[in-house]
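*Asks:* What follows is a protein structure lacking sequence information:
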Ligand SMILES: [Zn+2]
Ligand SMILES: [Zn+2]
């Protein structure tokens, strides 16, 4: 690998510092950043993201870590800034795939990580080293990292000063400037200013609220509002928030105590986080404040407060189940006051409002939304971001942790503070920021994308699977059984099954269309799909036959019915010499009996498909995306293949544009 160079005073060229975010840009979530100098790689955080609509059956989104797998020998260690899922949620998974010799991080974050690592069975795969404020750790030959206490919605959170041979980088992590933090741990602004005075080469700063003017209100500001709602509640109080919002949870416990209410906890993460935080002293609450959920029903409603998960409308979380009347221990009562002390993450809005509706319909008083003062962000607004820039006075600036428009807004803020536009880079996941003492540039990007884990968290959901799930969910599925003899004759009418497809066409009509497609394929493709090996039975590419039929039928359905269901064709081979099925006489005008060698396809009947079988580019999207790599499916196996077996790359030279295009579509996915 070549590095771009910055010359040091002695004229000897130094390699550039390379900073490569693999996640967290143009999105909120899965923050994962690679710092690279010479032979050393240091990771900063490794988070996960949650699926967006359309990612059916996916419950976790991870960054593609091929780059780290390929370079794992050079990984010297990892730094963790704080314990939020979008920063530590990927680590246990990654430890199964590549080595991270040591992980340095805050006590609370590492305690939470330990739970995840135990669950994943990877406790022996790394060493966890806790740090205290202003600790400096060395990673590899070239990096030293100082942990600077910052303020955020999570306790025990840090910004980083990363010193490398080309200069110092300030990596803010998630932050806001909260001068009256709930736990009394103030932002160590003096250290930021110290580095600012010494000279900061580059600032990588949290952009989450770059579009929001002003200062972010302190976390404490929600206290009086929550207090008002809790003290005025006639019946039970039910509050939902992120379990990891340690400060918020601390305040809620404090308010329960103040208002003479016992606390019942619901939701695994709520129980886990509170137990960990209390054990480590990040949360103070007397033991007798808590009452097991089964016993809390024996107390008067006015003396109870239920704190639970579900602030994002997650279907399996406690509050969501309660809203649907599916919780074994808790049912909504009309005197309940239910408080959403969180704002929905984009993408969760619909499930949150649906949950609120269901709760209200059962008569509960629901308190939610911006105007109530019951939630503040953990991420600084524009003025916080300006203060960060003012303290660190960086030469170069890279906005991170945000969607594209937030990065752009943050860049404008930096420019308003006097940083030239040329000194700012807006980057995407996989981009390589190359830093030398007097330059910032983008290098050749590395592979970055997403890995989707399904509900079991074991299987990776690739683009092909996801596309098929989307088709199934949105347009249904049609299965089709064709009987074709090894000498290329349709031996029986195709059998069609329709599931979940909204269409005016019935199975009979679809069967007829299928019949035409099969006929067309046998007539026009058989020679390419069938290799005469000289033996008794010709070698037929049954998978190819199936795919040709699928694509043809798919195109017809889209054209004539405007539906795009997933189509699965199965071919049952019949012995050579099986008599041909004659086709239907009652077919529509444009139809002809299809068996091989007879009749033909009307010119232009197929609209989009030319005589040479090539597919015009716009139709490509219709083709089912096939993954390129898969074991070659032997012809015989095709009889039982019920899924769309991907095209083996080493198949026969492709006869038509179709298959080839399909593969390029896969490459895009
Ligand atoms: Zn955070
Ligand atoms: Zn974050």
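*Replies:* Ah, there it is. Source: prediction; values computed, not measured. Ligands and ions are numbered 1, 2, ... in the order given.
*Asks:* So which elements touch the lengthiest helix in the chain?
*Replies:* In terms of residue count, the longest helix belonging to the chain (DSSP state H) is helix 542-561. Using 3 or more C-beta pairs under 8 Å, 6 or more residues apart in numbering; DSSP states H and E, the elements in contact with helix 542-561 are strand 477-485, helix 507-524, helix 526-529, strand 566-574, helix 657-668. No exception for glycine: its C-beta is placed from N, CA and C like everyone else's.
*Asks:* Just want the angle from that helix to helix 507-524.
*Replies:* Here helix 542-561 runs at an angle of 130 degrees relative to helix 507-524 (axes from the mean of the first three to the mean of the last three C-alpha atoms, to 10 degrees).
*Asks:* Residue 86: helix or strand, and which one exactly?
*Replies:* Per DSSP states H and E: residue 86 is located in helix 85-88.
*Asks:* Can you pull out the residues in contact with that helix?
*Replies:* 24, 28-31, 45-49, 80-81, 105, 109, 112-113, 116, 173-174, 244 (C-beta atoms under 8 Å, 6 or more residues apart in numbering).
*Asks:* Please report the distance of the nearest residue to residue 572 once chain neighbours are set aside from residue 518.
*Replies:* In space, and not counting its chain neighbours, residue 572 is closest to residue 483: 4.9 Å by C-beta to C-beta, 6 or more residues apart in numbering. Residue 483 sits 9 Å away from residue 518 when distances are taken as C-beta to C-beta, to the nearest Å.
*Asks:* go on, residue 530?
*Replies:* Using C-beta to C-beta, residue 530 is found at 14 Å from residue 518.
*Asks:* Of these two, give the one with the bigger neighbour count.
*Replies:* residue 518 (29 against 21; other C-beta atoms under 10 Å).
*Asks:* near ligand 1, which residues of the chain show up?
*Replies:* 84, 174 (C-beta under 5 Å from the ion).
*Asks:* Residue 32 bridge partners, please.
*Replies:* residue 23, residue 46 (DSSP bridges).
*Asks:* mind listing what whichever residue of the stretch 151-300 of the chain sits closest to ligand 2 touches?
*Replies:* Nearest to ligand 2, among the residues of the stretch 151-300 of the chain, is residue 174, at 4.2 Å (C-beta to the ion). Counting by C-beta under 8 Å, 6+ apart, residue 174 touches 81-82, 84, 87, 152-154, 157, 206, 208, 378-379, 401.
*Asks:* Next, the buried residues of the longest helix of the chain.
*Replies:* Within helix 542-561, the residues scored as buried using 16 or more other C-beta atoms under 10 Å are 542-558, 561.
*Asks:* now stretch 224-238
*Replies:* Those would be 225, 226, 229, 230, 233, 235, 236, 237, 238, for stretch 224-238 by 16+ other C-beta under 10 Å.
*Asks:* Next: stretch 292-299.
*Replies:* Buried, per 16+ other C-beta under 10 Å, within stretch 292-299: 293, 296.
*Asks:* and stretch 300-317, how far apart are its ends?
*Replies:* 25 Å (C-alpha to C-alpha, to the nearest Å).
*Asks:* cool, stretch 254-266 as well?
*Replies:* 18 Å.
*Asks:* For it, give the mean pLDDT please.
*Replies:* Averaging pLDDT along stretch 254-266 yields 97.
*Asks:* And it, what's buried?
*Replies:* Residues of stretch 254-266 classed as buried: 254, 255, 256, 259, 261, 262, 263, 264, 265, 266 (neighbour count, 16+ other C-beta under 10 Å).
*Asks:* before we move on, what about stretch 74-91?
*Replies:* 75-91.
*Asks:* can you check stretch 198-208 too?
*Replies:* Under the neighbour-count criterion of 16+ other C-beta under 10 Å, stretch 198-208 has 200, 201, 202, 203, 204, 205, 206, 207, 208 buried.
*Asks:* Run through the residues of the protein sitting next to ligand 2.
*Replies:* Near ligand 2, when you scan the chain using C-beta under 5 Å from the ion, you find 86, 174.
*Asks:* and the residue of the stretch 1-150 of the chain nearest ligand 2?
*Replies:* residue 86 (4.3 Å).
*Asks:* Name the nearest residue to that residue, sequence neighbours excluded.
*Replies:* Nearest to residue 86 is residue 47, by C-beta to C-beta, 6+ apart, at 3.9 Å.
*Asks:* In contact with residue 154: list those residues for me.
*Replies:* Each residue near residue 154 by C-beta under 8 Å, 6+ apart is listed here: 82, 83, 84, 108, 109, 174, 244, 245, 246, 247, 378.
*Asks:* tell me, what's touching residue 483 and residue 518 both at once?
*Replies:* Contacts common to residue 483 and residue 518, judged by C-beta under 8 Å, 6+ apart, are 490, 494.
*Asks:* Poorly predicted segments of the chain, please.
*Replies:* Across the chain, the ranges flagged by pLDDT under 70 are 1-12, 52-58, 454-463, 465-466, 532-537, 584-669.
*Asks:* Residue 511 - nearest residue in space that isn't next to it in sequence?
*Replies:* Per C-beta to C-beta, 6+ apart, closest to residue 511 is residue 496, 4.5 Å.
*Asks:* Next, the contact list for that neighbour, please.
*Replies:* 478, 479, 480, 481, 507, 510, 511, 514.
*Asks:* hang on, the earlier thing: list the ones among the buried residues of stretch 224-238 that fall in strands.
*Replies:* Mapping those onto strands (DSSP state E) picks out 237, 238.
*Asks:* Rebuild the buried residues of stretch 224-238 as a markdown table, extending it with distance to residue 278.
*Replies:* Shown next, in a markdown table, are the buried residues of stretch 224-238 (distance: C-beta to C-beta, whole Å):
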| residue | distance to residue 278 |
| --- | --- |
| 225 | 25 |
| 226 | 20 |
| 229 | 24 |
| 230 | 21 |
| 233 | 25 |
| 235 | 27 |
| 236 | 23 |
| 237 | 21 |
| 238 | 21 |
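*Asks:* quick one: which of the buried residues of stretch 224-238 is nearest to residue 391?
*Replies:* residue 225 (30.5 Å; C-beta to C-beta).
*Asks:* since we're on residue 171, how many residues are nearby?
*Replies:* 25.
*Asks:* Would you pull up the residue in the stretch 201-350 of the chain closest to ligand 1?
*Replies:* residue 244 (8.0 Å).
*Asks:* Show the contacting residues for residue 226.
*Replies:* Residue 226 neighbours (C-beta under 8 Å, 6+ apart): 239, 251, 252, 255, 339, 341, 374.
*Asks:* Adding secondary structure, write those residues out as CSV.
*Replies:* Converted to CSV, the contacts of residue 226 look like this (DSSP: H, G, I helix; E, B strand; the rest coil):
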residue, secondary structure
239, strand
251, helix
252, helix
255, helix
339, strand
341, coil
374, coil
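*Asks:* list the buried ones in stretch 316-333?
*Replies:* For stretch 316-333, by 16+ other C-beta under 10 Å, it's 317, 318, 319, 320, 321, 322, 323, 327, 330, 332.
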